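1. Fold the following.
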Amino acid sequence: MVAEGRENRTQKRLSRYRRSETPPPLVLQGRDRQIVAAVAQHRLLTREQIERLFFGTTTRANFRLQKLYHHKLLGRLHLPTVRGSSQAIYFLDRQGVPVAAEALGVQPAAIPWKYKRREVGPLFLRHLLAVNDVRIAFELAARSQKDHELLLWLSDQEARDEYSWGYGKKALVPDAYGRYRFGDRVVSFFLELDQATVSAKRWAGKV
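-> Below you'll find the model as predicted:
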């Protein structure tokens, strides 16, 4: 249950591995709403990425993310790892859609959300998270620098564009498109991030 008011800090400890069927009441804070909205915008974010955006300590990040997970505002998955424990990756869950919509000032139907997004391959996950690292770098730079602002960021789906080439049409599908302001200058750019997963011929065709 999501409620208004103050949380009881002495409530029972939530499991790290299994979602509770009866979690203690959650009081949504302003930062919680921002986190849910950010996950909706980025599609997938690791705990470390969320920590960089919103927290000063790992302990505090884990505490809030655990609550958002148990209340089904965020879902999570883990990438397979050879050694050690893998870091949680968060995606927007069903209960988080109206929260994200309100925070972003849009209708819930406008939130690009599908529950099956958790069922994606490791290559896609790693690539999207790497693209999000670039986006986060711009977002943090804009926060820390006076007169800097990330004016626009479009995902690969949003940035899709068609242009004429040769005898037919070819789809230009960058990994992202951004527009960044520093001072009185505005720079627009396409992002194409290579993790050595495509052939040289295909890469040359994209850039």
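
2. quick one: what helix or strand has residue 152 in it?
-> Per DSSP states H and E: residue 152 is located in strand 148-155.

3. Skip the chain neighbours and tell me the closest residue to the residue sitting nearest the centre point of the chain.
-> The centroid of the chain falls nearest to residue 42 when counting by CA atoms, centre = their mean (2.8 Å). In space, residue 42 comes closest to residue 132 once its chain neighbours are excluded; the distance is 4.9 Å by CB to CB, 6 or more residues apart in numbering. In this view, the C-beta of every residue, glycine as well, is placed from N, C-alpha and C.

4. Repeat that for residue 71.
-> Take residue 71 and drop its neighbours on the chain: the residue closest to it by CB to CB, 6+ apart is residue 26, 4.8 Å away.

5. Would you confirm that the residue nearest to the centre of the chain contacts residue 134?
-> No. Counting by CB atoms under 8 Å, residue 134 is not a contact partner of residue 42; they are 11.1 Å apart.

6. tell me which residues in the strand holding residue 152 are buried?
-> By 16 or more other CB atoms under 10 Å, the buried positions in strand 148-155 come out as 150, 153-155.

7. Got the domain ranges for the chain?
-> Domain assignment for the chain, taken from automatic domain parsing, gives 10-120, 121-207.

8. Now render those domains as JSON lines, adding mean pLDDT.
-> Formatted as JSON lines, the domains of the chain follow (pLDDT from 0 to 100):
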{"stretch": "domain 10-120", "mean pLDDT": "86"}
{"stretch": "domain 121-207", "mean pLDDT": "81"}
